[in-house]
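**Q** fold the following and give me the result.
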Amino acid sequence: MGEILVNVLVLVLIYITPLVVFINYSRKLNIGNLLKILFTILYILGVILTANFMDNLFPFVLVILSILILHREKRNRDINGEVVTDEQIPYDRFNFSFIKNNWIKIIMYSMILYVVNIVISLIFEWIFSKFSIKVTQQEVVNDMQKMSIMGLLKYIPISLIFAPILEEFIFRYVLFERLFTKKLGIYISSILSSVLFAALHYNLQAFPVLLFLAIENCFLIHKKGYWYSVGNHMLFNSMTVITILISKIK
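**A** Numbers count the residues shown, from 1 in each chain. Here you go, the predicted model:
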């Protein structure tokens, strides 16, 4: 039952939400309804056809397109000299510009928080051992360990690019910032969205550190911007991939 619920949530959050957000933002482009329907059909077919070898590609593309639409809308408003609120165009509020961000600072924040996450992981590893709680690795980690080196290298874009950009957009930007915070406040919203994020990975061993990672990223997107949370997520995933890759080379 639990696995079924997780699969439903994954379908709704990872695959349907990016489509809904994109269609909503595409209204700014004056795209006709017929074209939207055609695009939706192509999106669904793309998701189905690439499910086994390129997970998250199409939702990832929709996230990038949604950010580009926000950028276009901001640029047009700036050219016309219109004054708008962050609610109308959240592009600047969440620092969606990839180029204008200070990536040295993003890497520094991510490295510091990665050390924190290691400590958290060790603490909960001790707790699981102390109370004889049987835990297993995430299924995705097991799958990566079984891959050949070439297979693992092909998986890198999914783990290090597609997943962080997509999941931060959905869980931190859409759920935490745009939906929950308005009604529940920052603190409850960060906990609720983070629990959802960790629970969707459906693994007890990974749950604590993923929960803390998500809470960290709620802080980062709220205080620093979208790419800070993406950077932290990217570094977290990259350490797992690098560790597995090194073990295979040895």
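
**Q** C-terminal to the top helix by length along the chain, what's the next element?
**A** Longest helix in the chain, counting residues (DSSP state H): helix 103-130. Past helix 103-130, further along toward the C-terminus, the next helix or strand under DSSP states H and E is helix 139-146.

**Q** quick one, helices of the protein?
**A** Under DSSP H, the chain gives helices at 2-10, 17-25, 33-49, 57-79, 103-130, 139-146, 149-157, 163-167, 181-184, 186-199, 207-223, 226-249.

**Q** need the contact partners of the third one.
**A** The contact list for helix 33-49, computed with Cβ atoms under 8 Å, 6 or more residues apart in numbering, reads 15, 19, 23, 26, 31, 57-59, 62. For glycine as for every other residue, the C-beta is placed from the backbone atoms N, C-alpha and C.

**Q** try the fourth one
**A** Contacts made with helix 57-79 from outside it, assessed by Cβ under 8 Å, 6+ apart, are listed as 14-15, 18-19, 21-22, 25-26, 28-29, 43, 46-47, 50, 84, 89-92, 96-97, 158, 161-162, 165-166, 169-170.

**Q** for Y226, see how far away the residue nearest to the spatial centre of the chain is.
**A** What sits nearest the mean C-alpha location of the chain, by Cα atoms, centre = their mean, is E167, with 1.6 Å. Separation of E167 from Y226 (Cβ to Cβ, to the nearest Å) stands at 12 Å.

**Q** ok, back up a step: S194 is in contact with the residue nearest to the centre of the chain, correct?
**A** No - judged on Cβ atoms under 8 Å, E167 makes no contact with S194 at a distance of 11.7 Å.

**Q** chain center to stretch 18-37, what's the gap?
**A** Stretch 18-37 sits 22 Å away from the centroid of its parent chain (Cα atoms, centre = their mean, to the nearest Å).

**Q** which of the residues in it are buried?
**A** 18-19, 21-23, 25-26 (16 or more other Cβ atoms under 10 Å).

**Q** same check, this time on stretch 146-160
**A** 152, 155-156, 158-160.

**Q** only alpha carbons, please: show it as PDB.
**A** Provided in PDB are the C-alpha atoms of stretch 146-160 (Å, rounded to 0.1, in the frame of the first residue of the first chain):
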ATOM      1  CA  LYS A 146      25.100  -3.000 -10.300                       C
ATOM      2  CA  MET A 147      25.800  -0.800 -13.400                       C
ATOM      3  CA  SER A 148      28.900  -1.000 -15.500                       C
ATOM      4  CA  ILE A 149      31.200   2.000 -15.500                       C
ATOM      5  CA  MET A 150      29.800   3.100 -18.800                       C
ATOM      6  CA  GLY A 151      26.300   2.600 -17.600                       C
ATOM      7  CA  LEU A 152      27.100   4.700 -14.500                       C
ATOM      8  CA  LEU A 153      28.600   7.500 -16.600                       C
ATOM      9  CA  LYS A 154      25.400   7.600 -18.700                       C
ATOM     10  CA  TYR A 155      23.400   7.900 -15.500                       C
ATOM     11  CA  ILE A 156      25.300  11.000 -14.400                       C
ATOM     12  CA  PRO A 157      23.200  13.600 -16.200                       C
ATOM     13  CA  ILE A 158      20.000  12.100 -14.600                       C
ATOM     14  CA  SER A 159      21.500  12.100 -11.100                       C
ATOM     15  CA  LEU A 160      23.600  15.300 -11.200                       C
END
